[in-house]
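[1] Let me see the structure of the following:
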Amino acid sequence: MVSRHVNTCCRQNSRSKQMFTQTMAKKFCLNKTRESIVFNQKCLIHLSPKRHNPLVAIVLRQAAKFVAVLTGRVVRKWWRELPPNKRQLVIQWFARHKWKFGLLLLSSVLAFVAYYTSHLVDTPITGRKRFIAFTPKQLKEINDYEFEVQLETYKHKLLPSSHEMSKRVARVATQLLNANNDLPQIHDNEWSISVVDDLNIKNAFVMPSGQIFVFSGMLAICDNDQQLGVVLAHEMAHCVQCLHHLLYNN
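    Sure thing, here's the model as predicted:
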């Protein structure tokens, strides 16, 4: 009787794994590139090269410092040149309206606290709270735009799904997804794979919505599927832990 129960449980587990594998196979999105069908992929890693600040951000930061220094000097010069009687008038004016400034400061602090607490989200798995400034719609737009940029950047280097390297990545990624099918974040994404034929780039990354990108340079230094699995698992973990999954669900 016990053995019959065990056999029944094994058959049920086998059926559930088959159903999950079939579901994930359907969810692997394929994109047409160079008259062939190609898998897609993403970037969120410690393996990625250091990203430099865009020129606009650098200019704005330096401009803000310059404006702050200039404003401080102008105010100090204006205050030093004021005669004593006018300085006293300024001090008295601030004293008369100090409650207004206090109310303004208090309102600003309360607004900041309300904004901060309303953007705290529990991360999956760990349950830690994190602050995220973007709305779900904004996050999706950013991810979709970045994905299109990546596809456009490497459109002439994407390997077809029939290529051995694409099959290798798909095989390892599917094994990882099947092994972690108990995580709801695995089912929330439409996972896709893109293999870029560039031996000079030894990198792999996964975008927040599940688009996996692997470069042939990374595949060349992975001697076996186990090593590739470590790299992909690391990158996919970033995606699973990404806050916007929770935001989408909410």
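[2] So, low pLDDT: which residues of this protein?
    Across the chain, the ranges flagged by pLDDT under 70 are 1-57, 124-125, 242-250.
[3] domains of it?
    As given by automatic domain parsing, the domain ranges for the chain are 24-51+133-249, 55-122.
[4] a markdown table for those domains, including mean neighbour count?
    (Glycine included, C-beta is placed from N, CA and C.) Formatted as a markdown table, those follow (neighbours: other C-beta atoms under 10 Å):
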| stretch | mean neighbour count |
| --- | --- |
| domain 24-51+133-249 | 17 |
| domain 55-122 | 10 |
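[5] any idea where the strands of the chain begin and end?
    Taking DSSP state E as the criterion, the chain contains strands spanning 30-33, 36-39, 120-122, 129-131, 192-196, 204-206, 211-215.
[6] how about stretch 222-234 as PDB, C-alpha atoms only?
    C-alpha atoms of stretch 222-234 as PDB (Å, rounded to 0.1, in the frame of the first residue of the first chain):
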ATOM      1  CA  CYS A 222      32.700  27.900 -20.000                       C
ATOM      2  CA  ASP A 223      34.200  24.500 -20.400                       C
ATOM      3  CA  ASN A 224      31.000  22.700 -19.600                       C
ATOM      4  CA  ASP A 225      27.300  23.200 -19.000                       C
ATOM      5  CA  GLN A 226      27.800  23.300 -15.200                       C
ATOM      6  CA  GLN A 227      30.000  26.400 -15.500                       C
ATOM      7  CA  LEU A 228      27.500  28.000 -17.900                       C
ATOM      8  CA  GLY A 229      24.800  27.100 -15.400                       C
ATOM      9  CA  VAL A 230      26.600  29.000 -12.600                       C
ATOM     10  CA  VAL A 231      26.800  32.100 -14.800                       C
ATOM     11  CA  LEU A 232      23.200  31.900 -15.900                       C
ATOM     12  CA  ALA A 233      21.900  31.100 -12.400                       C
ATOM     13  CA  HIS A 234      23.700  34.200 -11.100                       C
END
